[in-house]
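> I need the structure of the sequence given here:
(one chain, ligands or ions: 1)
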Amino acid sequence: MTRILVTGGAGYIGSTATAILCDRGYEVVVFDDLSTGHSDSVDARATLAIGSLLDPDALRSAAAGCQAVIHFAGKSLVGESVEKPDLYRHVNIDGSQNLLDAMKIHGIDRLVFSSSAATYGQPLDNPITEESVATPTNPYGASKLSVDNLIAASGISAISLRYFNVAGSHQGSNGWLSERHDPETHLIPNVLKSSVENPLKIFGTDWETKDGTCIRDYVHVVDLIEAHILALKNLTPHQHQIINLGSGSGYSVREVISAAEKVLGRTVPAVESPRREGDPATLVASIKKAKSILNWQPERNLEAMISDTAKSQVR
Ligand code: UDP
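Prediction:
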């Protein structure tokens, strides 16, 4: 049985990966400092090792006996990264170097890394391919790009998966594994929370898009994790590959609101608000490479992402 180290396995995406890997018969060791993750999100079949990426000894002991690593751990808020760039450099870049060192000590040569569309910055092309210029516009995106480069230089067998907008939820054996961010900044959870007293703020209605609101590419977290499992199975020895993960289609903020109104059967109160600083108008992934290298295809649509998120929020 393959034993996998899942860093960040107590977070939203990592805990979903842990549950699905356990279902598939993998042995999972979760390594998480619980700074933003929750121990009750970790599947009971996995082993939880509480520790920080900045603690090489803790990393080394968690990695012992593992044959592969899926690396989700890290700071992930764009706004916070602008305020605290040193924190993002330290945790995301130095922490990932510590992980690569621990892997080397144990002779672990297989890695799947959670990179981000934020590495591309303000895109010159849409859809964005893996060959598009990567010029991040915030410290979060810059830290993900630096880690992609560290992995490439390490010579291990690795795939960096560049996520676009991850949404939806998975029902694990201990309940729905929901996004639990405080404050919540993501669109779909905010659409679901919207009320007459606290309407959703639409950030900008004067963008150069079909209806004036920003366009993003949403992918269901369960489809995303399928791609990680396929990536583990499709590593090329001693090569680093970069693969985008999205749906390949873009939806505007207004389209997401309409889809939610249909799914929920009620109006979503919303107010037009100024643009949010740093937002690009349009981000849509080309997923040709994911299709050809991983033989992956997302199966869950926007409505499924909204209804699963809604189910996960009834706690
Ligand atoms: N957005 C919005 N209101 C919100 C949250 C997000 O209008 O309360 C917009 C945001 O400007 C962006 C899109 O929804 O165009 C997706 O934002 P999110 O924060 O979910 O993801 P991002 O694309 O920033 O990673």
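
> I'd like the next helix or strand past the top helix by length along the chain.
Counting by DSSP state H, the longest helix found in the chain is helix 139-154. Going down the chain from helix 139-154, the next helix or strand is strand 157-163, by DSSP states H and E.

> direction included, what does whichever helix or strand comes after that next one pair against?
The element immediately downstream of strand 157-163 (helix or strand, assigned by DSSP H and E) is strand 165-167. Sheet pairing for strand 165-167, assigned by DSSP bridges, gives strand 218-220 (parallel).

> tell me which residues in the partner strand are buried?
By 16 or more other CB atoms under 10 Å, the buried positions in strand 218-220 come out as 218-220. For glycine as for every other residue, the C-beta is placed from the backbone atoms N, C-alpha and C.

> and this protein, which residues reach the ligand?
165, 185-187, 190, 200-203, 214, 216, 253, 276, 279 (CB under 6 Å from any ligand atom).

> now, which of those lie within strands?
165, 200-203, 216 (DSSP state E).

> separate out the buried members of those.
Here, 16+ other CB under 10 Å leaves 165, 200, 202-203, 216 buried among those.

> and of the residues you listed, the nearest to the ligand?
Distance to the ligand, by CB to the nearest ligand atom, is smallest for Phe203 among those, at 3.6 Å.

> from Ala49, how far out is the closest one?
39 Å (CB to CB, to the nearest Å).

> could you look up the SS state of Leu224?
Using DSSP: H, G, I helix; E, B strand; the rest coil, the structure places Leu224 in helix.

> I'd guessed it sits against Ile13; true?
Yes: using CB atoms under 8 Å, Leu224 is in contact with Ile13, at 6.9 Å.

> out of the two, which sits in the more crowded spot?
Leu224 (25 against 22; other CB atoms under 10 Å).

> check contacts around that one.
13, 16, 161, 163, 166, 245 (CB atoms under 8 Å, 6 or more residues apart in numbering).

> in a strand, that's where the first one is, yeah?
No: Ile13: not assigned to a strand; according to three-state DSSP it is helix.

> now it: how far from Ser41?
11 Å.

> where does the stretch 1-150 of the chain get nearest to the ligand, residue-wise?
Closest point on the stretch 1-150 of the chain to the ligand, by CB to the nearest ligand atom, is Val78, at 6.6 Å.

> got a list of what that residue touches?
With CB under 8 Å, 6+ apart, Val78 has these contacts: 118, 138, 140-141, 278.

> just Ser52 next, same as before
Each residue near Ser52 by CB under 8 Å, 6+ apart is listed here: 33, 58, 95.

> try Leu111
68-71, 100, 103, 151, 156-159 are the contacts of Leu111 under CB under 8 Å, 6+ apart.

> grab the nearest non-local neighbour of it.
Excluding the flanking residues, the one nearest Leu111 by CB to CB, 6 or more residues apart in numbering is Ala158, at 4.2 Å.

> quick check, pLDDT for that neighbour.
At Ala158, the predicted lDDT confidence score is 98.

> residues making contact with stretch 303-314?
167-171, 176-179, 188-189, 191-193, 218, 220, 256, 259-260, 262-264, 300.

> now do Arg45 against Val78, distance only.
From Arg45 to Val78 the distance is 33 Å (CB to CB).

> the spatially closest residue to Ala64 that is not a sequence neighbour - how many residues pack around it?
Using CB to CB, 6+ apart and skipping residues adjacent in sequence, the residue nearest Ala64 is His106, 6.1 Å away. His106 has 15 neighbours, counted by other CB under 10 Å.

> so His106 touches Ala62, yeah?
No: here His106 does not reach Ala62: they are 10.1 Å apart, not a contact under CB under 8 Å.

> select only the buried ones of the contacts of stretch 303-314 in PyMOL?
Only the buried members of those end up in this PyMOL selection, burial being decided by 16+ other CB under 10 Å:
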select buried, resi 167+168+169+170+176+177+178+179+188+189+191+192+218+220+256+259+260+263+300
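
> next step: the contacts of stretch 303-314 restricted to helices.
Among these, the members falling in helices are 188-189, 191-193, 256, 259-260, 262-264 (criterion: DSSP H).

> turn those residues into JSON lines, including pLDDT.
Below are the ones in helices among the contacts of stretch 303-314 laid out as JSON lines (pLDDT from 0 to 100):
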{"residue": "Ile188", "pLDDT": "97"}
{"residue": "Pro189", "pLDDT": "96"}
{"residue": "Val191", "pLDDT": "98"}
{"residue": "Leu192", "pLDDT": "97"}
{"residue": "Lys193", "pLDDT": "95"}
{"residue": "Val256", "pLDDT": "98"}
{"residue": "Ala259", "pLDDT": "98"}
{"residue": "Ala260", "pLDDT": "98"}
{"residue": "Lys262", "pLDDT": "98"}
{"residue": "Val263", "pLDDT": "97"}
{"residue": "Leu264", "pLDDT": "96"}
